[in-house]
Each structure stands twice: as structure tokens, then as C-alpha cells.
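# sharing a model that was predicted from the sequence below.
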Amino acid sequence: MSENKIAIIYGSDTGITDYITTLLTNKLNLKNLDIIEVFTIKPIDFLKYDIILIGVPTWYVGDLQSDWEDFFPDFQKIDFNGIKVAFFGLGDQYGYPDNFVDGIGILGKVVLNNGGEIFGYWPNEGYEFNDSLGLAPNGMFYGLAIDEDNQQEHTEERIDKWVKQIKNELGL
């Protein structure tokens, strides 16, 4: 059996998502992992991978990070059939309690609508927010929710648990 082609595709304006991506990369410890910033990618590039982890911070009142926002019209056209996708999203649950990690939900719905399979759902316990597009119909987040603004002390533990979870879900 051939190895899965795996990528982390992310966008970062302030460097925080870049930092989280580096932590994830180190903890995943996979030799066949490509790390790609979304501003450098084309829609066809998504089709090279069997498994994709998508990193997206939510900006302001539920907006996608600028590179994801620019790429979004093309993202909506990608055929995700046969691709497993997991999300990690960053947000500010106190500053934007009505839009916490909306970005993972905005992108997650596109992946599902375009035939993809989402894995790595994350419980919403331990967060304080009012609403989020990042909540899937199952009541869990579409992926790992990180709040570096208010709960930085939980970041590494959450990443450790999520990495173990997704590796188990993928049989890695």
C-alpha cells in the first residue's frame, strides 16, 4: 500500500497560525508532509493530496483570514471527493463571542458540499462563546479550536490531544 500524500495548507497574517502550524508539524512527525501557505497554491494542487489539514484563523466579525478570503472563490470550485480534510482554526472567543472560529465552518461546509470527508472534529467544551459557524451539526467544532488570545495555556495540550486523535482516526 502506498503512503498517503498529506499536506497542511494554512493562512496567517500575524504569524500565530504559522506558529500553530509549526507546532502541529513537529508533533505530527510525519515524513511525507508538505507545508503550504494558501497564497502560494492553486486549486488543482489540492488534488495531489489524500489528506489535508487546513489552518484558518477567523478575523474580525467572522471573516476569513485575508489569503483564505482571496482564495475562497477558487476553493469553492474544488472537487474534494476522495480527500480527507481536518481543520484547525484560531479565534478570539471573548472579543468575538458570536463568531468564534467561524472560518473552519465556512471552509468545512464547502469541503462537505464538494464531496470531501471531514475528520478531526473537536468538542466545544472548555470554551466560552455565544455562537460559531465552526460548530458542525453534530455539536462539535469542524476541527481543533485554538484561542491564543485568551487560552494560550491550553494550546499545547489541545494540540497534543488532537494530534493523537487524528492519527488514530487515520490509522497512522
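Everything's here; your move. Numbering: from 1, shown residues only.

# where do the strands sit along the protein?
6-10, 33-37, 51-59, 63-64, 84-90, 117-118, 143-146 (DSSP state E).

# relative to residue 18, how far out is the residue lying closest to residue 166 once chain neighbours are set aside?
Residue nearest to residue 166 in three dimensions, not counting chain neighbours: residue 120, with 4.6 Å by CB to CB, 6 or more residues apart in numbering. (Each C-beta comes from the backbone N, C-alpha and C, glycine too.) As judged by CB to CB, to the nearest Å, residue 120 and residue 18 stand 20 Å apart.

# so where's the protein shaky on pLDDT?
Counting by pLDDT under 70, the chain has low-confidence residues at 1-3.

# mind redoing it with 90?
1-4, 30-32, 60-62, 171-172 (pLDDT under 90).

# would you mind finding the longest helix in it?
What stands out as the longest helix in the chain, according to DSSP state H, is helix 152-170.

# returning to that earlier point: neighbours of the residue nearest to residue 166, just the number please.
21 (other CB atoms under 10 Å).

# how about it, what does it touch?
53, 86-87, 143-144, 162, 165-166, 169 (CB atoms under 8 Å, 6 or more residues apart in numbering).

# repeat that for 6 Å
86, 143, 166 (CB atoms under 6 Å, 6 or more residues apart in numbering).

# excluding chain neighbours, what is closest to the second one?
Yep, that's residue 143 we're talking about. Counting by CB to CB, 6+ apart, the residue nearest residue 143 is residue 87, at 2.9 Å.

# quick one: the one you found and residue 141 touch, right?
No: using CB atoms under 6 Å, residue 87 makes no contact with residue 141, being 7.9 Å away.

# which of the two has more neighbours?
Neighbour count, other CB under 10 Å: between residue 87 and residue 141, residue 87 has more, with 28 against 25.

# hey, what's that one bridged with?
residue 54, residue 143 (DSSP bridges).

# so what's residue 130 closest to, chain neighbours aside?
residue 97 is the one closest to residue 130 (CB to CB, 6+ apart), at 4.4 Å.

# how far does stretch 34-46 stretch from start to finish?
Using CA to CA, to the nearest Å, the end-to-end distance of stretch 34-46 comes to 11 Å.
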